[in-house]
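A.B. asks: I'll drop the sequence and a predicted model, then ask my questions.
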Amino acid sequence: MSHKKSIETDKVHLIWLDQHLGQLMLDDINKTILEQIKTGKKATGVSNATVNRVMSIIRAILNRAKNEWEWIDNVPNVRMLPEPNSRVRWLTAEEAQKLLAELPSHLEAMARFALATGLREANVTGLMWSQIDRGRECAWIHPEQAKAGKAIAVSLNREALEVLDKQRGQHSQYVFSYKGEPVKKAGGKAWRNALSRAGIADFTWHDLRHTWASWHVMNGTPLNVLKELGAWADYDTVLKYAHLSSDRLKRHAGNSKIAPNVTNLLQYKNLA
């Protein structure tokens with residue numbers, strides 16, 4: 001979800017909350033009220049993740065009222081509903097090559113860039129030349145363009161730079177364009193048709209970001225470094241890729257072996 005869509009969704013949640021909490025004072029909101037809100041939102045047919053998003057908004061407001069505004073003395077515990085494990089779908093290098101071969105040229109360039117940088121769809125489609133520093137081999141995403149609302153520094157590897165070099169001269173402002181106009185959506189009909197021709201199922205444009213992260217981990221990138229590269233706000237999000245790399249644990253696997261002196265001691269006890 002783009003940052004703009006996230007803001008719009010939060011506005012909808014706030015309107016719903018105002019209808020249910022608008023007549024209450026902040027210090028009237030307790031655990032009972034919060035459970036009623038949670039139950040009421042769940043009853044509208046939304047997912048647990050959506051309910052949790054609403055509860056997160058309430059928690060953020062209450063925490064600010066206590067810590068910054070000093071309007072209330074205590075914040076009741078806000079319990080979240082369980083959510084299913086995040087889906088991670090990624091491509092092998094062979095699958096990626098098949099997909100790229102089926103994409104129209106403008107989408108192929110965008111997909112290659114996404115696989116090289118891990119940028120989200122909106123950050124790729126909205127990327128402007130003013131955000132590129134070819135000499136320093138980096139790009140940046142402005143805070144209002146980022147999901148977390150914070151600026152992102154993007155290191156450009158060789159593949160990303162090659163894509164940019166081929167895009168030069170196609171549009172005066174935007175890096176990626178189609179028939180002289182900026183591309184507004186990458187994962188549309190042409191994308192889905194290419195997936196079908198490549199024989200790839202259950203794969204979205206956002207899964208290019210999952211693929212980028214998965215390849216990083218499988219090639220030895222430490223999780224703390226991946227977190228910075230992907231500009232994730234919390235470490236828990238990165239942990240869903242941890243299982244893809246046994247190599248990072250291999251060097252520690254021998255730490256549980258019985259040391260020679262311990263072995264000798266055990267043998268001595270058995271003889272005794």
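C.D. replies: Structure's in. What do you need?
A.B. asks: count of residues packed around Gly45?
C.D. replies: 7 (other C-beta atoms under 10 Å). Every residue, glycine included, has its C-beta placed from N, CA and C.
A.B. asks: Surely Asn77 touches Asn30?
C.D. replies: No: contact between Asn77 and Asn30 fails when scored by C-beta atoms under 8 Å: they sit 10.0 Å apart.
A.B. asks: neighbour count winner among those two?
C.D. replies: Applying other C-beta under 10 Å to Asn77 and Asn30 shows that Asn30 carries more neighbours, namely 11 against 8.
A.B. asks: who are the neighbours in contact with the more buried one?
C.D. replies: Shown in contact with Asn30 (C-beta atoms under 8 Å, 6 or more residues apart in numbering): Pro76.
A.B. asks: any idea how far Gly40 is from it?
C.D. replies: Distance of Asn30 to Gly40, computed by C-beta to C-beta, to the nearest Å: 15 Å.
A.B. asks: Over to Arg120?
C.D. replies: Counting by C-beta to C-beta, the separation of Arg120 from Gly40 is 32 Å.
A.B. asks: Pick out whichever of these two has more residues nearby.
C.D. replies: Per other C-beta under 10 Å, whichever of Arg120 and Gly40 has more neighbours is Arg120, with 24 against 14.
A.B. asks: Give me the neighbour count for the residue nearest to the more buried one when sequence neighbours are not counted.
C.D. replies: In this structure, Arg120 finds its nearest non-sequential neighbour in Arg209, 6.2 Å apart by C-beta to C-beta, 6 or more residues apart in numbering. Number of residues near Arg209 (other C-beta under 10 Å) recorded here: 21.
A.B. asks: what's Arg209 in contact with, if anything?
C.D. replies: Applying C-beta under 8 Å, 6+ apart, one finds that Arg209 lies in contact with 114, 118-120, 230.
A.B. asks: for the residues you listed, which one is nearest Cys138?
C.D. replies: Set against Cys138, the nearest of the contacts of Arg209 by C-beta to C-beta is Leu119 (12.6 Å).
A.B. asks: Provide a list of residues in contact with that closest one.
C.D. replies: Listed by C-beta under 8 Å, 6+ apart, the contact set of Leu119 reads 113, 127, 141, 154, 209.
A.B. asks: how much space between the closest residue to the second one other than its chain neighbours and Arg168?
C.D. replies: Nearest in space to Leu127, with sequence neighbours left out and distances taken as C-beta to C-beta, 6+ apart, is Val175 at 4.5 Å. Look at Val175 and Arg168: by C-beta to C-beta, they are 9 Å apart.
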